[in-house]
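Asks: give me a 3D structure for the following:
(one chain, ligands or ions: 1)
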Amino acid sequence: MIISNQPLSTSRGKLYDQVHRIVQSTPALDMHTHLYDPAFGDLLLSGIDEQLVYHYLVAETFRSSTMGYEDFWKLPRAQQADHVWSTLFQERSPISEACRGVLTSLHLLGLETGPKSLPSIRQWFKEQDRESFVSRCLEIANLRGVCMTNSPFDPEEKAVWDQSPSRDSRFQTGLRLDPLLLDWPVAGKTLADWGYEVSEDMGGTSVVSVTRFLEDWRDRIHPLYLMVSLPPDFTYPADDHTTRMLQQVILPFCRASGLPLALMIGVRRSVNPFLQLAGDGVGRADLSALQCLCAENQDVKFLSTLLSRENQHELCVLGRKFRNLHIFGCWWFTNVPSMIQEMTRMRLELLGTSFTAQHSDARVLDQVLYKWDHSRRVIADVLTDKYFDMQQTGWPLSEEIIRADVTHLLGAGFEGFCS
Ligand SMILES: [Zn+2]
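Replies: Here you go, the predicted structure:
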């Protein structure tokens, strides 16, 4: 046996090019978005005005604009977009991640941008055929599928489901259950209106009826998973409705159906109500709730992403302890390059490749372009470092191995976990 501790003369530049090329060319499954199948009509948002009034940009606009909140919300959408453009793109450099995102999306669509380009960009979007625009965006972002966020409690969305829309197979479903867990007075009343026998105190036939409601929606939309977005002070177990709904209905349903439950924890709703949808904030969560759920229900699969940077290390450690927990994505305020870099590095170091590196959370179709472009670059940077370190020990690396790892990180690992 030849003993050598000499590092291999691997070219870092060559590895960098190879890893970036593979990460860019590997199709991803975007496992959490707020996009809709084109069959849902106007619920699928796209175009420059929708990009500009995205809540990330609205929040940033109010940092620099003196316009009254009410005055802004009273404006028609196009004028709101004008105001965002003049405030963030004309009066100063569009340097924030959300602003850069608009520029990247336009650039990837082949449009020229500058402070005076809004009218011509609008005109270009008007001329696009919707069906082909959907395909073009998914192709440029290199997405093989997109998972929607589907809420039976959204009247507009439910109205479309009620008409049995003819579906686009690229758009998959996720069943969102927030009202069931967090706003039972409203959810219970809605279920009663739909003919499910439920009572305010969840007594009588309520458990059976809510379970039947879940079964009905499972059979109707075939979700990949169930999901709920929870505040940072989410506690489990607790003497409250959320714990009872989890223990009596949701967890038994997940156990029986094999569907994972996604817990997205850390949103502090409406910290500034004047900002409307842009007014949500972040709080550090107590992860003993998630730990307890995973420990007590080892035969239930949990997906989780957390909003607070301060929770990320603890989440990785939980991931190491529970194989029924799959960690995914860099969510919302953590979906910026500095956080993606830090979180992806930490996850690779603590979990290997057993997590899903990113989801877009896109609300506007065009956003998948920038969200995936920016993320793929950072993921490839981090992977290059990790592969370089590995190669220095003499461990062999090939195109096939890198591609298999990247495929796993960009959706196949999630699919394996769900199946
Ligand atoms: Zn989301």
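Asks: neighbours of Arg100, how many?
Replies: 16 (other Cβ atoms under 10 Å). No exception for glycine: its C-beta is placed from N, CA and C like everyone else's.
Asks: same question for Lys116.
Replies: Neighbour tally, Lys116, other Cβ under 10 Å: 9.
Asks: mind checking which helix or strand it is in?
Replies: Under the criterion of DSSP states H and E, Lys116 resides outside all helices and strands.
Asks: what are the phi and psi values for it?
Replies: The phi and psi values for Lys116, taken as degrees, to the nearest 10, are phi -100, psi 10.
Asks: show me what Pro281 is bridged to.
Replies: Residue 281: Gly, not Pro. For Gly281, the beta-bridge assignment (DSSP bridges) gives partners Arg268.
Asks: identify the residues contacting the residue nearest to Ser375 when sequence neighbours are not counted.
Replies: Spatially, and ignoring its direct neighbours in sequence, Ser375 is nearest to Gln358 (4.5 Å; Cβ to Cβ, 6 or more residues apart in numbering). Applying Cβ atoms under 8 Å, 6 or more residues apart in numbering, we find Gln358 in contact with 28, 328-330, 335, 340, 371-372, 375, 379, 410.
Asks: gap between Gln358 and Pro337?
Replies: 12 Å (Cβ to Cβ, to the nearest Å).
Asks: for Thr211, same thing?
Replies: 43 Å.
Asks: any low-confidence regions in the stretch 1-150 of the chain?
Replies: Applying pLDDT under 70 to the stretch 1-150 of the chain flags residues 1-10.
Asks: at 50 what do you get?
Replies: The stretch 1-150 of the chain contains residues with pLDDT under 50 at 7-8.
Asks: show me where this structure has strands.
Replies: 28-30, 143-147, 171-172, 175-176, 226-230, 261-265, 267-268, 281-282, 302-306, 325-327 (DSSP state E).
Asks: so can I have CSV of those strands showing distance to Met245?
Replies: Shown next, in CSV, are those (distance: least, Cβ to Cβ, whole Å):
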stretch, distance to Met245
strand 28-30, 28
strand 143-147, 23
strand 171-172, 25
strand 175-176, 14
strand 226-230, 10
strand 261-265, 12
strand 267-268, 18
strand 281-282, 24
strand 302-306, 16
strand 325-327, 20
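Asks: dump those strands to TSV, plus mean neighbour count.
Replies: Shown next, in TSV, are those (neighbours: other Cβ atoms under 10 Å):
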stretch	mean neighbour count
strand 28-30	25
strand 143-147	21
strand 171-172	22
strand 175-176	24
strand 226-230	22
strand 261-265	24
strand 267-268	18
strand 281-282	18
strand 302-306	25
strand 325-327	23
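Asks: and of those strands, who's closest to Arg136?
Replies: Taking Cβ to Cβ, strand 143-147 is the member of the strands of the chain nearest to Arg136, at 11.5 Å.
Asks: the closest one: partners in the sheet, and parallel or antiparallel?
Replies: strand 28-30 (parallel), strand 171-172 (parallel).
Asks: contacts for that strand?
Replies: 27-33, 35, 138, 170-174, 224, 359, 368, 372, 411.
Asks: could you pick out the buried ones from these?
Replies: Burial by neighbour count, 16 or more other Cβ atoms under 10 Å: within these this picks out 28-33, 35, 138, 170-174, 224, 359, 368, 372, 411.
Asks: for the closest residue to Cys292 other than its chain neighbours, list the residues it contacts.
Replies: In space, and not counting its chain neighbours, Cys292 is closest to Tyr236: 5.6 Å by Cβ to Cβ, 6+ apart. If you count contacts by Cβ under 8 Å, 6+ apart, Tyr236 has them with 242-243, 246, 289-290, 292-293.
Asks: and the end-to-end length of stretch 281-296?
Replies: 30 Å (Cα to Cα, to the nearest Å).
Asks: tell me which residues are up against that stretch.
Replies: Against stretch 281-296 from outside (Cβ under 8 Å, 6+ apart): 230-237, 246, 251, 263, 265-268, 271-272, 300, 302, 304, 306-308, 310-311, 314-315, 318, 321-322, 324-325, 332-333.
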